[in-house]
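1. quick check, what structure comes out for this input:
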Amino acid sequence: MIGLNDLGINNDTDLISWINEFENASVVVSMYFKVKKIKDETGTLSQEIKNSAETTLRIIAGLQNLDSLTTTFINKFFVSFLGDELTSLNGILFDEHAEAWSNIDQDNNLNLGDWTIISAKSYVIYIDYKLNGNEFDQARAEKDSAFIALLSNVKSLIGEHWPQNAEQWEALGQILLQFLGEIGIAFIPGSDIIGVVEGLDEGDYVAVTFGIAGLLVDAFGGTILKVIGKVAKFGYKSFKIFKIVFRYLDEVVDFIALGHKVELFEGTVRILGDFNQAIASIQDNVLKLLKNSAKSIIKVADLKLLDNIVPTGAGHINANKINNKALRIDPQNSDYKSIVDDIKLNGDPQGNLSEDIMDDLLEQDGFKKPIQSVEYPNLDTVQLNGGQRFDNVLIKRDISGNITEIIINESKQVSNTGTIDLSSGVSGTLDSLCFNCTQMSTQWIDDVLVRMQIQGGDLGNLANDISSFIDSGNEVTQLVSGVSKNTGELVILNITGFSTP
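-> Model (predicted):
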């Protein structure tokens, strides 16, 4: 047995004197065994634990207030003890609170201010139930418990993974729903998620968490208090998946809509098809296609939403930018595997094989190659005399034939060090905007268009249409792509708006 002085009490007579001091035998005994368990497991008791135990008891006894919880450690101890007590008071209703409230900060990102909020909410739940029993405010307890379970997860999105639009919030809802459906939450309307986050940004993560918690409680077909531990676990898993697949959200949501399951396995997100076989996986920003056509997974709209990369004035794109900003696809067993294998074996110095992949991949969602199209029936190639040209041009039109979107892609060989270099110091033709400009910059695009107009025919007609589209204030999507000979990854970068300095 441990002495009472080890528990932070300034006497070591017997347990009865301690109980008398706080006038709550059951709570004191619970604390005694909680601290004893800590000592049995660790072999010692730190002064921090002793202070936390005494402070917690004094707050529950009404001898101190919540302002005494002055450190993150004390707050964690306090909330964990309240979870134990709630489970002890009602093992049916609060069955999972002891475990859940001992593992709140799974992302290890909560600060003292966050813990102050959590301690206050958990204390209200505890005191309310302690005083009122089954007449306690259960609706408030449910929302506050869900809030506590999700706060660390929501906060973990701050930065590069914070949703920037309605579609990304809806995607988060779909990923949450797949797991929370296992505990009886059958429907979370995407419009409701958008409603609770409208006008809020990542600095308002507390309000966002409370809004999402309210949605989960409202959607649950029973009292969510009984499964709060599962809400915490599934919430952590869902937000972890959301961050891993952030660059591929549309693809993952499409998979879920088709009835596929998404699972987290050793830091990798796997998409499961028939018979629970993995058809794709995502890890370290790389999408591996294990089965199926690449075009069934990668959509043009996703490429346009990629974070913009700005090459240097000399046209250099470093490996760090490519690794962190590009769409990175490992074809593995997809329809592009044979081409990629050829590039890995023989290289692709001119980018021709990468062009073939991009021509095929981009011709979807209404985008069409202009070659031998209705608009340009005599156009056999976008190749200019002398070799200056666009590698891939894809055009999307409305029902009236008006151009609505244009993509221009440049295919390059990815170097052995994982970098891409665009040509620089290009001398533009007369009347173009290019003077020592860089390939794929807006000035270079203008120069190629002028050259196309000079060459005439349907090539000139195509140039005129692209120029008119730009002159009307529209933006061309500028992409750079390539296959790494080392890794076999197809990388696609969005450099829209890039202009030679």
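2. count the neighbours of residue 273 for me.
-> Neighbours of residue 273 under the rule other CB atoms under 10 Å: 17. C-betas here are computed from N, CA, C, even on glycine.
3. and if you look at the one 10 residues further on?
-> Residue 283 is surrounded by 16 other residues when neighbours are defined as other CB under 10 Å.
4. over to residue 291?
-> Per other CB under 10 Å, the neighbour tally for residue 291 reads 16.
5. shift numbering so it begins at 3
-> Sure thing, new numbering starts at 3, so read that last one as residue 293.
6. what sits against it?
-> 275, 279, 281-282, 335-336 (CB atoms under 8 Å, 6 or more residues apart in numbering).
7. try residue 131
-> Taking CB under 8 Å, 6+ apart as the contact definition, residue 131 lies against 88, 91-92, 96, 138, 143.
8. same question for residue 432.
-> Applying CB under 8 Å, 6+ apart, the residues contacting residue 432 are residue 452.
9. where does it sit: helix, strand or coil?
-> On the three-state scheme (DSSP: H, G, I helix; E, B strand; the rest coil), residue 432 is labelled coil.
10. relative to residue 455, how far out is it?
-> Look at residue 432 and residue 455: by CB to CB, to the nearest Å, they are 12 Å apart.
11. per-domain residue ranges of this structure.
-> 67-246, 253-285, 298-496 (automatic domain parsing).
12. rewinding a little: report the buried members of the contacts of residue 131.
-> Buried members of the contacts of residue 131, counted by 16 or more other CB atoms under 10 Å: 88, 92, 96, 138, 143.
13. just the ones in helices from the residues you listed, please.
-> Cross-referencing the buried ones among the contacts of residue 131 against helices under DSSP state H gives 88, 143.
14. do you know how far residue 301 is from residue 469?
-> According to CB to CB, residue 301 and residue 469 sit 28 Å apart.
15. kindly report the same for residue 350.
-> According to CB to CB, residue 350 stands 30 Å off from residue 469.
16. quick one: which of these two has more around it?
-> More neighbours surround residue 350 than the other of residue 350 and residue 469, with 23 against 16 (other CB under 10 Å).
17. my guess is the more buried one meets residue 360, correct?
-> No: contact criterion CB atoms under 8 Å: residue 350 and residue 360 do not qualify, at 11.8 Å.
18. any shared contact partners between the two?
-> residue 413.
19. which residues sit against stretch 374-394?
-> Counting by CB under 8 Å, 6+ apart, 353, 357, 360-361, 364, 371-373, 395, 403, 409-413, 447, 449-450, 453-454, 457, 459-461, 463-464, 467, 481 sit against stretch 374-394.
20. how distant is that stretch from the center of its chain?
-> Here stretch 374-394 is found 39 Å from its chain centre; the criterion is CA atoms, centre = their mean, to the nearest Å.
21. ends of that stretch, how far apart?
-> Using CA to CA, to the nearest Å, the end-to-end distance of stretch 374-394 comes out at 14 Å.
22. got it, and stretch 363-379?
-> With CA to CA as the measure, stretch 363-379 spans 22 Å from end to end.
23. centre of the chain to it, how far?
-> Mean C-alpha position of stretch 363-379 versus that of the full chain (CA atoms, centre = their mean) differs by 33 Å.
24. next, the buried residues of it.
-> So, applying 16+ other CB under 10 Å, buried residues of stretch 363-379: 363-364, 369-372, 378.
25. ok, now stretch 265-273?
-> 265, 271-273.
26. from those residues, which is closest to residue 426?
-> Using CB to CB, residue 271 comes nearest to residue 426 of these, at 38.2 Å.
27. OK, contacts around that closest one?
-> Residue 271 neighbours (CB under 8 Å, 6+ apart): 243, 246-247, 254, 264-265, 283-285.
28. now swap in residue 309 and tell me
-> 327, 496.
29. try it again at 6 Å.
-> Counting by CB atoms under 6 Å, 6 or more residues apart in numbering, residue 309 touches residue 327.
30. same question for the one 10 residues further on.
-> Taking CB under 6 Å, 6+ apart as the definition of contact, the neighbours of residue 319 are 313, 422.
31. quick one, longest strand in this structure?
-> Using DSSP state E to define each element, the chain has its longest strand at strand 405-413.
32. ok, and what's touching the following helix or strand past it?
-> Using DSSP states H and E, the helix or strand that follows strand 405-413 in sequence is strand 422-423. Outside strand 422-423, the residues that touch it by CB under 6 Å, 6+ apart are 317-319, 414, 416, 484.
33. which of those residues are buried? Put it as a ChimeraX command.
-> Remark: buried members of the contacts of strand 422-423, expressed as a ChimeraX selection using 16+ other CB under 10 Å:
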select :317,319,414,416,484
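34. can you redo the contacts of strand 422-423 as CSV, where the extra columns are distance to residue 160 and pLDDT?
-> Output for the contacts of strand 422-423, formatted as CSV (distance: CB to CB, whole Å; pLDDT from 0 to 100):
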residue, distance to residue 160, pLDDT
317, 34, 94
318, 31, 95
319, 27, 96
414, 34, 90
416, 32, 90
484, 33, 90
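35. and the contacts of strand 422-423, which is closest to residue 123?
-> Closest to residue 123, out of all of the contacts of strand 422-423 and judged by CB to CB, is residue 319, at 47.7 Å.
36. any stretches of the stretch 103-252 of the chain with poor pLDDT?
-> For the stretch 103-252 of the chain, applying pLDDT under 70 flags the ranges 186-193, 223-224.
37. what does the helix or strand harbouring residue 182 contact?
-> In this structure, residue 182 sits in helix 168-182 according to DSSP H and E. With contact meaning CB under 6 Å, 6+ apart, helix 168-182 is reached by 165, 190, 192, 195-196, 199, 236, 239-240, 243-244, 251, 255, 258.
38. quick one, strands of the protein?
-> 263-267, 270-274, 280-285, 288-291, 318-319, 329-332, 369-370, 394-399, 405-413, 422-423, 428-429, 437-439, 479-485, 492-496.
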